[in-house]
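Chemist: Pasting the sequence and the predicted coordinates here, then a few questions.
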Amino acid sequence: MKNTPPLRKFLLLPFAVLACAAWAQTPPSAQPAPVVEAPAGPPLPALPAMAWEPPPLQPFSATYQAFYKGKEAGDATMQVTHTGGNQWRVDMQVVGRRGFASVLGLNLEQSTVFDVRNGVYAPLSQSTVRKGLFLGKKAVGTYNWETGTAQWTGDVKKDRAKPIPLQPGDQSALLLNLSLMRDARPGVAMHYRYVELGKVRQHDYQAATQTENVEVGDLSYNALRVYRTNGGNNETILWIANGVPTPVRILQREDGEDRVDLRLIEYQGV
């Protein structure tokens, strides 16, 4: 963990990359949405229902400044494209331009093609490419909803190249970001199953009961904080603002210290 180059571990997060062909199989027509439930215990004061409006799924392009341990290390771009009908694609690229990341020439690209059925985002194909001075790997995955399995080829370990049984609502890393944007409400808990690169993990998130002011560069957002609750010493925190189709900030922390920090500096519809 401690020897992992800056930004290489960058998301597992919600956010990933590389243009890949759409997987032609059609997911089941009635996939239930991820479980979204109110937190246990006595009710907490929350925003009025009309005070929070989740952004609709829409094409956009966003640019982030990437920081590692508090120092600027590069940049990241995220793009959502409508490819026709119910099919979409989300792409992410992270480039190290300063410090150790710059020396390595680190470049991470991910992409997920997905379908929208009954409000659920269902991944169809996924691609990951890592480039660098001592690094060059590519893996491509397909989510076959007819057979109910997902499988990866390319630079993956042998035990991760086996088919994985799919469950309704399964997400890729990039798709998880979009689902959080869709599902987050003040005071709500969210649960997802993450399936990517031959791995399966449970991701649980909690939204704060109130928005807070978040400074990102020269801008200030009134944003809702959403954080992962089952990551152990690895924390993931996102801030979501009304009217903005992508998180305004994404922070990953390890052992109580900031590691990767993405801060939105520009976005526009495409």
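Modeler: Great, that's in hand. Everything quoted here is computed from the prediction, not taken from an experiment.

Chemist: For stretch 80-96, measure first residue to last.
Modeler: End-to-end span of stretch 80-96 (Cα to Cα, to the nearest Å): 22 Å.

Chemist: Check which residues of whichever helix or strand residue 122 is part of are buried.
Modeler: Taking DSSP states H and E as the definition, one finds residue 122 inside strand 120-132. Within strand 120-132, the residues that count as buried by 16 or more other Cβ atoms under 10 Å are 120, 121, 122, 123, 124, 125, 126, 127, 128, 129, 130, 132. Where C-beta positions appear, they are placed from N, C-alpha and C, glycine not excepted.

Chemist: what residues are up against the fourth one?
Modeler: Residue 123 makes contacts with 112, 113, 114, 143, 150, 170, 171, 172, 175, 195, as judged by Cβ atoms under 8 Å, 6 or more residues apart in numbering.

Chemist: Parallel or antiparallel, list what pairs with the strand holding residue 122.
Modeler: According to DSSP bridges, strand 120-132 forms sheet pairs with strand 107-117 (antiparallel), strand 135-144 (antiparallel).

Chemist: so how far is the shortest one from its chain's centroid?
Modeler: Meaning strand 135-144. 17 Å (Cα atoms, centre = their mean, to the nearest Å).

Chemist: what element comes up after it heading to the C-terminus?
Modeler: strand 149-154.

Chemist: Report the backbone C-alpha coordinates of the strand holding residue 122 in PDB.
Modeler: The C-alpha coordinates for strand 120-132 follow below in PDB (Å, rounded to 0.1, in the frame of the first residue of the first chain):
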ATOM      1  CA  VAL A 120     -31.000   1.600 -12.800                       C
ATOM      2  CA  TYR A 121     -27.600   2.000 -14.300                       C
ATOM      3  CA  ALA A 122     -26.500  -1.400 -15.600                       C
ATOM      4  CA  PRO A 123     -22.800  -1.800 -16.800                       C
ATOM      5  CA  LEU A 124     -22.400  -3.500 -20.200                       C
ATOM      6  CA  SER A 125     -18.600  -3.200 -20.700                       C
ATOM      7  CA  GLN A 126     -15.600  -1.800 -18.900                       C
ATOM      8  CA  SER A 127     -12.000  -1.000 -19.800                       C
ATOM      9  CA  THR A 128      -9.000   0.000 -17.700                       C
ATOM     10  CA  VAL A 129      -5.600   1.200 -19.100                       C
ATOM     11  CA  ARG A 130      -2.600   2.100 -17.000                       C
ATOM     12  CA  LYS A 131       0.400   3.700 -18.700                       C
ATOM     13  CA  GLY A 132       3.800   4.800 -17.200                       C
END
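
Chemist: Now residue 170: closest residue in space, sequence neighbours ignored.
Modeler: Leaving aside its sequence neighbours, residue 170 sits nearest to residue 195 (Cβ to Cβ, 6 or more residues apart in numbering; 4.6 Å).

Chemist: The helix or strand where that neighbour lies to strand 120-132, inter-axis angle?
Modeler: Residue 195 belongs to strand 189-196 when assigned by DSSP H and E. Interaxial angle, strand 189-196 versus strand 120-132 (axes from the mean of the first three to the mean of the last three Cα atoms, to 10 degrees): 50 degrees.
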